[in-house]
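Peer 1: Dropping a prediction and its sequence here:
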Amino acid sequence: MEGRVVKWGNSLAIRIPRAIAAETKLEYGTSVDVRAEEGAMVVRPVTPPPQVNLKALLKKVTKATLHGEVSTGRRRGRETW
């Protein structure tokens, strides 16, 4: 499929055909990584980091994974215990 590079402000832009956007799961607002590799432009969707859920993390705490107090040395300054 052939496209055309156009001017967009001080940058250049390329339209992504609907078929390619659908195949690569790109949609409006998708973050992408754009880089040059061996003289070609490569555009890849950026996978967002997984969402961290405190309740799910706390469910993983068991007696086997729970540890006791850890000594951090003598207190300094105005630390109180």
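Peer 2: That came through fine.
Peer 1: Return the residues in contact with the residue sitting nearest the centre point of the chain.
Peer 2: Central residue check for the chain by Cα atoms, centre = their mean: the C-alpha nearest the mean position is that of Pro48, 3.5 Å away. With contact set as Cβ atoms under 8 Å, 6 or more residues apart in numbering, Pro48 has these partners: Ser31. Any C-beta I mention is one placed from the backbone N, CA and C, and that applies to glycine too.
Peer 1: redo that, cut-off 10 Å
Peer 2: Counting by Cβ atoms under 10 Å, 6 or more residues apart in numbering, Pro48 touches 30-31.
Peer 1: Could you do Ala19 as well?
Peer 2: Met1.
Peer 1: what helix or strand does it sit in?
Peer 2: Assessed by DSSP states H and E, Ala19 sits inside helix 18-23.
Peer 1: If you count neighbours, what's buried in that helix?
Peer 2: By neighbour count on 16 or more other Cβ atoms under 10 Å, the buried set for helix 18-23 is empty.
Peer 1: Quick check: mean pLDDT of that helix?
Peer 2: For helix 18-23, mean pLDDT is 92.
Peer 1: Which helix or strand lies directly C-terminal to it?
Peer 2: Taking DSSP H and E as the definition, the helix or strand right after helix 18-23 is strand 32-37.
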